[in-house]
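Novice: Next input, structure requested:
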Amino acid sequence: MSEILRSMLWGLLLFAGAASVLAADAPVREKDYVGNVYGTVTDAETGRPVVGAEVMLVDRPLGRRQTAEGFAAPSNKGIVIIPKEAIAPRFNVLTNSAGEFLLAGVPTPYPYKPYTVIATAPGYDSTIVDYIPVLPGAMMELNVAFALTKGKSQTTVFDGSDADAPIRYGHSRMDERVAPAPASGHLGPFAVAPTSASSSLTLTVYATQEGKIGHATSNGHIIQAGDNFVALPSRRALSSPNGHEFEVQISYNNKTVTAPVWDVGPWNTADDYWNPSNIREAWSNLALGMPEAQAAYQNGYNGKASSCCSSVTNPAGIDLGSGTASALGFKTSASNWVSVAYLWTTGHADFAVASPPADFVVRQAASTAIPITLSSIDGFSASISLSVTGVPAGSTATFSDAVVRPPLNGQASTTLIVKTTSSTPIALNSLKVSGTVGRLTRSTTVSLKVDAPPLSASSSCQPSSVVLGGTVTCRVTAVGGLPPYQMSINGQAFSQPQYSQLASAVIRPIQSGTIVSIVRDSAGQQAQSGSQVQVSRPMSATCAASPNPVRINNTITWRAQASGGSGSFTYRWLNGTTTSSYSKSYPNVQTVSNWVVITDAQLGQSQTATCSLTVTR
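Specialist: Residues are numbered from 1 along each chain as shown. Next up, the predicted model:
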C-alpha cells in the first residue's frame with residue numbers, strides 16, 4: 001500500500017464523531033462505527049496497475065435481486081442488476097498511479113456489515129465482489145486485487161465467501177482484528193479521531209498500577225511513592241533516566257495528567273501497539289491501537305498468553321505510577337479504562353532514508369564514503385536496519401553503523417563505505433540503500449561511478465647530452481590508468497596500442513630542450529612527462545703561445561681554446577698541466593713545439609691541438 005493511502009488510512013481507521021474522552025457510561029451507537037476497505041486494481045494479463053479505474057462501494061449486497069432499472073452485469077452467475085440508487089456518490093473513488101484505492105469512513109455496526117465492491121475501467125471488463133464483510137474500527141487489510149481482463153465483455157461476480165474471490169484477510173479470524181466493545185461501553189482499542197494531522201494519536205486502553213516501590217525501572221529510575229510516570233510494553237518509547245523524550249497524556253473522570261515513560265510493561269516488552277502494523281515490532285497482525293494483552297484477554301489471541309508465555313489476566317496496555325494513578329483519582333491497586341494520548345506520535349509514524357543527490361566517483365582499488373541520513377517522521381521511534389544492493393562486482397560495501405535509531409522527529413547519520421579492487425568493472429552503478437523496520441522498508445538510490453586509477457607517466461632519455469646529428473634513446477613508463485595505452489615521444493606516436501607499461505624510441509634531437517612523452521589510456525585519461533636533452537655542435541680545439549716570438553728568459557703564456565661541444569671541458573698539456581693555460585720562460589734560443597688534449601666532459605669527445613713558439617736573443 002502506498003504511503004499516501006497508508007497515511008489516509010491511519011487517520012480514518014477510527015469511529016466518527018466521538019469526543020476526545022469517552023465517559024464510562026456512554027452508550028455505543030451503531031453510527032459511531034466506521035470501517036475502511038483498500039486494495040489494488042491490476043491488469044490480469046500484464047500484472048500492471050490500472051490507473052484511474054473507478055471503484056464503487058454498494059451499500060447493500062446484490063444477492064440475487066433484479067430490478068427493472070439499474071446496471072446490468074452479465075456474469076458467470078447470471079444476470080446481476082446493480083440498482084443505481086444503491087451507489088452513494090461518496091463511495092466512488094479512482095485508483096492512483098499505483099492502481100491503489102481507499103474506501104474510507106464506511107458506516108458499519110459491530111460486528112460487521114456486508115457490502116459489495118465494483119471495479120470498472122474503460123476497455124476492461126468489470127469485476128464485482130459481493131458480500132464483503134467490512135469490520136468496524138480497525139484497519140481492514142483486505143488486499144482486494146481486482147484482475148480486470150480485457151476483451152471478455154462481461155462482468156465477473158464473486159461472492160465474498162468464494163474460495164476464488166480476490167479477497168485476502170490479514171488474519172484467519174476476523175474477530176481478532178477488532179475486539180468486541182466491553183460491556184461498560186468503552187471502545188477498547190478504537191482511537192479517537194485526531195483533530196488535525198499534527199494531533200497526537202489517542203487510544204482507549206486498560207490501565208493498571210505498577211507499584212514496586214524501591215525497584216528500578218527499565219531506564220534506571222528507582223521508584224518512589226508518589227512518582228509520576230508510566231510503563232508502556234515496548235522499549236521503543238522508553239525515555240532516558242529522568243528524561244521526558246516520550247510522554248503520554250492520560251484522561252480519566254474529567255482529570256488529565258501528563259507523565260513520562262520510564263518503564264517497560266505491562267505483560268510485554270516489544271508491543272508498540274501505537275505504531276502502524278508495518279513497523280510494529282511484534283504482533284503486527286493486530287490492528288493499530290490493539291495491545292497484545294487486550295487481544296489475548298478478550299479474544300484468546302496467542303493462546304491467551306503474553307510474549308513471555310504467562311497467562312494474561314487483564315487487558316492492560318499501560319501501567320501507572322502511584323502518583324499518576326492518584327492524580328487521576330484511582331484508588332489503590334484499582335484498574336480501569338483510560339484515554340491515552342501518545343504525545344510523540346500521530347499514529348502513522350514513518351521514517352525516511354536519504355543520500356546526497358550528487359554522483360559519487362570511486363577509482364579501482366580505492367574507496368569512497370557516502371553519507372546516509374535517517375529521519376524520524378511523526379513520532380517514529382525504532383532502530384533501522386540498513387542494507388545495500390547493486391554493489392559492483394569485485395567490491396565490498398559496509399556501513400559505519402548498520403543499525404541506526406534517529407532521535408524522535410530528528411535525524412541520525414551513517415556512512416556507506418564502498419571499497420573497490422583492480423577487477424571492479426569501470427561503469428556507472430545504481431546502489432539501493434534500504435532501511436527496514438518490521439515490514440516497512442524505505443530506500444534511497446545512490447549513483448556510483450567506478451573509474452580507472454589515476455594515470456601518470458615518467459620518462460628518461462640517455463645520453464642527456466648529444467652532438468647535433470647524434471641519437472638518444474628515450475623510455476616512457478605509464479603508471480596506473482586503464483590499458484591499452486597510446487604513447488608518443490616528442491610527437492613520434494607508436495602505431496600499435498601498448499599493453500605493456502613501458503615503451504621506448506630512438507630520437508635524433510636537433511636542439512637542446514625537453515623531450516615530451518605523452519600517454520593516453522582507454523579510459524580517456526592523459527599524462528605526460530619530460531626529459532631534458534642538450535644538443536651541441538661538433539667540438540674543435542686550438543692552442544697558442546703569447547707573445548710569440550719571445551726573447552730568452554722572458555715569460556710567455558700557453559693558452560688552449562675549445563669551441564662547440566657541450567661547453568664543459570678538461571685539458572691535458574704536453575708537460576702534464578691540466579689547466580686551460582700556463583706560463584713559462586725559456587733560457588735558450590730555440591723553436592718549441594707543444595700540444596694540448598681537450599676533452600668534452602659531457603659528450604666524452606676529445607680533440608688535440610698543436611702549437612709552437614720561437615725563442616730569440
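Novice: Quick check, central residue of this protein?
Specialist: V433 (3.3 Å; CA atoms, centre = their mean).
Novice: Just the local confidence number for that one, please.
Specialist: At V433, the pLDDT value in this model is 96.
Novice: what's across from it in the sheet?
Specialist: Per DSSP bridges, the residues bridged to V433 are V388, T444.
Novice: so it makes contact with S443?
Specialist: Yes - between V433 and S443 there is a contact at 6.5 Å, judged by CB atoms under 8 Å. C-betas here are computed from N, CA, C, even on glycine.
Novice: so what's in contact with those two at the same time?
Specialist: V353 (CB atoms under 8 Å, 6 or more residues apart in numbering).
Novice: Roughly how far does F360 sit from S400?
Specialist: Going from F360 to S400 by CB to CB, to the nearest Å gives 16 Å.
Novice: An error on my part: the question was meant for T570.
Specialist: Distance from T570 to S400, counting by CB to CB: 67 Å.
Novice: do the same with V533
Specialist: When V533 is compared with S400 (using CB to CB), they lie 52 Å apart.
Novice: now swap in A560 and tell me
Specialist: Counting by CB to CB, the gap from A560 to S400 is 76 Å.
Novice: So if I had to pick from those two, which one is more boxed in?
Specialist: Taking neighbours as other CB atoms under 10 Å, A560 and S400 compare with A560 leading, 25 against 13.
Novice: now the more buried one: how far from Y586?
Specialist: 19 Å.
Novice: For V391, which non-adjacent residue is closest in space?
Specialist: Closest residue to V391 apart from its sequence neighbours, by CB to CB, 6 or more residues apart in numbering: A397 at 4.5 Å.
Novice: I'd assumed T420 was in contact with that neighbour.
Specialist: No - using CB under 8 Å, A397 is not in contact with T420, being 10.0 Å away.
Novice: Do I have it right that E247 meets P260?
Specialist: Yes - assessed by CB under 8 Å, E247 is found in contact with P260 at 5.2 Å.
Novice: and S512, what is it in contact with?
Specialist: S512 is in contact with V533, Q534, V535, S536, counting by CB under 8 Å, 6+ apart.
Novice: distance of it from V106?
Specialist: Distance of S512 to V106, computed by CB to CB: 94 Å.
Novice: and if you look at P315?
Specialist: For P315, the distance to V106 (CB to CB) stands at 27 Å.
Novice: Have a look at these two and say which one is more surrounded.
Specialist: Ranked by neighbour count (other CB under 10 Å), P315 and V106 place P315 first, with 25 against 22.
Novice: quick one: secondary structure of the residue lying closest to that one once chain neighbours are set aside?
Specialist: Spatial nearest neighbour of P315, excluding adjacent residues (CB to CB, 6+ apart): Q294 at 3.6 Å. Secondary structure, DSSP: H, G, I helix; E, B strand; the rest coil: Q294 is helix.
Novice: right, and Q294 touches T208 too?
Specialist: No - using CB under 8 Å, Q294 is not in contact with T208; the gap is 11.8 Å.
Novice: For these two, list the residues in contact with both.
Specialist: A316.
Novice: what's downstream of the worst-scoring helix or strand of the chain on mean pLDDT, the next helix or strand?
Specialist: When each helix and strand of the chain is scored by mean pLDDT, DSSP states H and E, strand 191-192 comes last, with a mean of 31. Moving toward the C-terminus from strand 191-192, the next helix or strand (DSSP states H and E) is strand 201-209.
Novice: Which elements pack onto that following strand?
Specialist: With contacts taken as 3 or more CB pairs under 8 Å, 6 or more residues apart in numbering; DSSP states H and E, strand 201-209 sits against strand 191-192, strand 316-320, helix 322-328, strand 336-342.
Novice: ok, back up a step: distance of the residue nearest to the centre of the chain from P371?
Specialist: 11 Å.
Novice: what's the overlap in contacts for those two?
Specialist: Here V433 and P371 have S355, L416 as joint contacts, going by CB under 8 Å, 6+ apart.
Novice: Tell me the bridge partners for the closest residue to A366 other than its chain neighbours.
Specialist: Take A366 and drop its neighbours on the chain: the residue closest to it by CB to CB, 6+ apart is T420, 6.1 Å away. Beta-bridge pairing of T420 under DSSP bridges involves S395.
Novice: wait, isn't T420 in contact with G394?
Specialist: Yes - taking CB under 8 Å as the definition, T420 is a contact partner of G394 at 6.7 Å.
Novice: For these two, indicate the residue with more neighbours.
Specialist: A count of neighbours by other CB under 10 Å puts T420 above the other of T420 and G394, at 25 against 15.
Novice: check contacts around the more buried one.
Specialist: T420 makes contacts with V362, R363, Q364, A365, A366, S367, P392, G394, S395, V450, as judged by CB under 8 Å, 6+ apart.
Novice: Tell me the most packed of those, by neighbour count.
Specialist: V450 (23 neighbours).
Novice: Show me the shaky parts of the protein.
Specialist: Counting by pLDDT under 70, the chain shows low-confidence ranges at 1-36, 59-91, 104-105, 109-112, 130-131, 133-147, 149-199, 495-497.
Novice: which residues in the stretch 151-300 of the chain form strands?
Specialist: Secondary structure of the stretch 151-300 of the chain (DSSP state E, counting those that start in this stretch): strands located at 156-159, 191-192, 201-209, 230-232, 247-252, 255-264.
Novice: For those, could you give me JSON lines that also reports mean neighbour count and distance to L148?
Specialist: As requested, those are exported to JSON lines (neighbours: other CB atoms under 10 Å; distance: least, CB to CB, whole Å):
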{"stretch": "strand 156-159", "mean neighbour count": "21", "distance to L148": "9"}
{"stretch": "strand 191-192", "mean neighbour count": "25", "distance to L148": "35"}
{"stretch": "strand 201-209", "mean neighbour count": "24", "distance to L148": "36"}
{"stretch": "strand 230-232", "mean neighbour count": "25", "distance to L148": "45"}
{"stretch": "strand 247-252", "mean neighbour count": "20", "distance to L148": "46"}
{"stretch": "strand 255-264", "mean neighbour count": "21", "distance to L148": "48"}
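Novice: Nearest to S488 among those strands would be which one?
Specialist: Of all the strands of the stretch 151-300 of the chain, it is strand 201-209 that lies closest to S488, at 72.5 Å by CB to CB.
Novice: now the angle between strand 247-252 and the closest one, please.
Specialist: Angle between the axes of strand 201-209 and strand 247-252 is 70 degrees (criterion: axes from the mean of the first three to the mean of the last three CA atoms, to 10 degrees).
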